[in-house]
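Visitor: Pasting the sequence and the predicted model now:
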Amino acid sequence: MPSAQTTRIDELRLVEAPAAKGEGIVAADVGSEIVVSLRPLPLLPFRVQWTARIVEYAQDKAFADEQVRGPFRRWRHRHEFREEKRDGQAGTVVRDVVEFDPGWGWVGRVASFLIARQVRERFRGRQLALESLLTKSQKNA
């Protein structure tokens, strides 16, 4: 999330994935919940709390979370991972699939266009940050 939203993790209710137990890896399984809070707009003096629950988990392939409580009528975010070689270099493609419905009747339908654009920008920034983190990690390995 953009730093201007001052997103923070307020609570993490972890259900550990069985495949990760004993491997020194902590992986959140179906039923895990994360509660975050953020400022919907940087200058607003209040925070919005958002609770998401993992509803799908396939180790090394994908996981999906859905909003339990938050600003949208419906929100589903699927994280997908796929091995791929590019120019002889092995790597991982990370893909995000987001479905949402803001609610709010006709206002929400009009706002969906703006919200979708904002979501695309956030995930574009996330992809750049992820690439930077993984490149640094690879150089340090």
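Guide: Alright, I've got the coordinates.

Visitor: which ones are touching the residue in the chain sticking out farthest from the centre?
Guide: Outermost residue of the chain with respect to the C-alpha centroid, by CA atoms, centre = their mean, is Gly88; its distance is 29.2 Å. Applying CB atoms under 8 Å, 6 or more residues apart in numbering, we find Gly88 in contact with no residue. The C-beta positions use only the backbone N, C-alpha and C, and glycine is treated the same way.

Visitor: pLDDT score for it?
Guide: Reading off the per-residue confidence, Gly88 sits at a pLDDT of 90.

Visitor: where does this structure dip in pLDDT?
Guide: For the chain, residues meeting the criterion pLDDT under 70 lie at 1-4, 19-23, 137-141.

Visitor: the strands in it, which residues?
Guide: For the chain, strands defined by DSSP state E occupy the ranges 8-13, 33-38, 48-58, 62-69, 74-86, 89-101.

Visitor: Kindly reformat those as CSV containing mean neighbour count and distance to Val107.
Guide: Formatted as CSV, the entries for the strands of the chain read as follows, by neighbours: other CB atoms under 10 Å; distance: least, CB to CB, whole Å:
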stretch, mean neighbour count, distance to Val107
strand 8-13, 11, 28
strand 33-38, 18, 21
strand 48-58, 17, 17
strand 62-69, 17, 19
strand 74-86, 13, 16
strand 89-101, 12, 13
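
Visitor: Distance of Asp87 relative to Val93?
Guide: As defined by CB to CB, to the nearest Å, Asp87 lies at a distance of 14 Å from Val93.

Visitor: same check, this time on Trp104
Guide: Noted for Trp104: a distance of 34 Å to Val93, by CB to CB.

Visitor: check contacts around Glu56.
Guide: 30, 62-64, 78.

Visitor: which of these sit farthest apart?
Guide: In the contacts of Glu56, two members sit farther apart than any others by CB to CB. They are Val30 and Arg78, at 13.2 Å.
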